[in-house]
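Peer 1: Sequence below, structure please.
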Amino acid sequence: MEDKVTLQPVAEDDLSFLERMTNDPATTGQHEWHGWSDPGTWRRAWAEAGLLGENGGVLMVVHGADRVGNVSWRKTPTGARCYCWSLGIGLAPEFRGRGYGAAAQRLLVRYLFAHTQVNRIQAETEITNIAEQRALENAGFTREGVLRGAAFRAGRWHDLALYSMLRAEVELDAEGLIST
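Peer 2: Model (predicted):
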């Protein structure tokens, strides 16, 4: 699957897709609908820095000519002078359950370890999101535990499962490129 899934910087043509992925309850799915948000957020962030920066970024997940979804990462402090990346993913409904999520997360992890100095990459998902937990495990993440009452959605607090991967758990070739 990974040889068919690629990650690409967000292009202007992708912005309406990203807006749909966050502002259409039917598209986001039950675990990612957090209410309506400013529809111009994506366009302004893209115009400012192309959705790539020192504190995180967004890349499109592509399969052939299809936009499958997007992956994102953000800086999360882990100490006074340390941080890790926290990952996120959103797949369009018609592409869920095909292994694209695990492949995209695997590619993003290798990309971030090859191009940044972090030692840890983590991801959180609601404990009821079994599909995402499987995808994270298939991508090589280790479940660390549960963050009780850590996310607010649909009028109540939800527990999150916490997953991580360390730099030593990922192989990169001599040029820092992805090895599969």
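Peer 1: use CA for all of it now, contacts and neighbours both
Peer 2: Will do.
Peer 1: which element is the spatially most central residue of the chain on?
Peer 2: The centre of the chain sits closest to residue 88, judged by Cα atoms, centre = their mean, with a distance of 2.6 Å. Counting by DSSP states H and E, the element that carries residue 88 is strand 83-91.
Peer 1: strands paired with that strand, and their directions?
Peer 2: Using DSSP bridges, the strands paired with strand 83-91 in its sheet are strand 66-77 (antiparallel), strand 120-126 (parallel).
Peer 1: Go through the lengthiest helix in the chain and flag the buried ones.
Peer 2: Ranked by residue count under DSSP state H, the longest helix found in the chain is helix 100-115. Applying a neighbour-count criterion of 16 or more other Cα atoms under 10 Å, the buried positions in helix 100-115 are 100-114.
Peer 1: what does the helix or strand of the chain at the bottom of the mean pLDDT ranking rub up against?
Peer 2: Of all the helices and strands that make up the chain, the one with the lowest confidence by mean pLDDT, DSSP states H and E is helix 25-28; it has a mean of 86. Residues outside helix 25-28 that contact it (Cα atoms under 8 Å, 6 or more residues apart in numbering): 20-22, 33, 35, 90, 92-93.
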